[in-house]
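Undergrad: A predicted structure for the sequence below; I have some questions about it.
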Amino acid sequence: MAIKKERHIIGKNDIADFPSFNLQNVKVKIDSGAYTSTIHCSKVEKTEEGLKVIFLEKKTKGYSGEIIHFQDYQIKKVRSSNGILQERFVVKGNITLFGQNFNTEFTLTSRKLMRFPILLGRKLLNKGFLINTSQTNLSYKLKKKLSE
């Protein structure tokens with residue numbers, strides 16, 4: 001007998017925490033067309049020790065300004081939404097949605113001109129999410145309800 005995996009219904013966008021990146025209450029957009037999740041970085045610097053990264057922009061809600069160091073990272077070729085092939089750094093991290101932590105990969109790029117600093121792709125969404133595009137902030141609403 002197969003064990004049913006719990007599925008969460010997620011809306012077209014939400015607000016999430018990223019414990020491994022020390023980010024809280026950051027707006028995310030659900031992108032079922034993207035394979036890997038993507039996070040905006042205001043600074044990415046490759047050093048002898050690894051990557052030095054500052055996530056988000058000062059004006060973005062959830063910005064900490066903290067420099068996060070990664071010794072374990074990859075470089076992958078990713079086709080952007082406009083069809084251009086780009087080399088991007090890829091790091092592993094976790095996201096908290098519906099009170100659970102999910103480990104996934106994030107490509108690092110500039111999304112400075114975009115409304116949402118983070119896109120969540122299929123690699124994460126396949127871990128138990130169903131998308132209802134008529135809904136928004138379902139995980140965040142649950143978080144607020146549980147904290148009351």
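TA: Sure, I can see it.

Undergrad: switch to C-alpha atoms for all contacts and neighbour counts from now on
TA: Will do.

Undergrad: from the chain's centroid, how far away is the longest strand along the chain?
TA: Using DSSP state E, we find that the single longest strand of the chain is strand 85-97. Here the centre of strand 85-97 is set off from its chain's centre by 7 Å, with C-alpha atoms, centre = their mean, to the nearest Å.

Undergrad: report the buried residues of the helix or strand just after that strand.
TA: Following strand 85-97 in sequence order, the next helix or strand is strand 100-109 (DSSP states H and E). Buried residues in strand 100-109, counted by 16 or more other C-alpha atoms under 10 Å: T104, E105, F106, T107, L108, T109.

Undergrad: can you put the residues you listed in CSV and add pLDDT and distance to V53?
TA: Formatted as CSV, the buried residues of strand 100-109 follow (pLDDT from 0 to 100; distance: C-alpha to C-alpha, whole Å):
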residue, pLDDT, distance to V53
T104, 96, 17
E105, 96, 15
F106, 97, 12
T107, 96, 12
L108, 96, 9
T109, 93, 11
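
Undergrad: just checking, which helix or strand of this structure averages the lowest pLDDT?
TA: Lowest on mean pLDDT, DSSP states H and E among the helices and strands of the chain sits strand 74-79, with a mean of 90.

Undergrad: neighbouring strands - and their directions - for that strand?
TA: strand 85-97 (antiparallel) (DSSP bridges).

Undergrad: got the angle for the partner strand vs strand 100-109?
TA: 160 degrees (axes from the mean of the first three to the mean of the last three C-alpha atoms, to 10 degrees).

Undergrad: sketch out the helices for the protein, chain order is fine.
TA: In the chain, helices defined by DSSP state H lie at 122-125, 138-147, listed in chain order.

Undergrad: would you list the ones you listed in JSON lines and tack on mean pLDDT?
TA: Below are the helices of the chain laid out as JSON lines (pLDDT from 0 to 100):
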{"stretch": "helix 122-125", "mean pLDDT": "96"}
{"stretch": "helix 138-147", "mean pLDDT": "93"}
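
Undergrad: what's around the residue nearest to L85 when sequence neighbours are not counted, how many residues?
TA: Closest residue to L85 apart from its sequence neighbours, by C-alpha to C-alpha, 6 or more residues apart in numbering: R79 at 4.3 Å. Neighbours of R79 under the rule other C-alpha atoms under 10 Å: 13.
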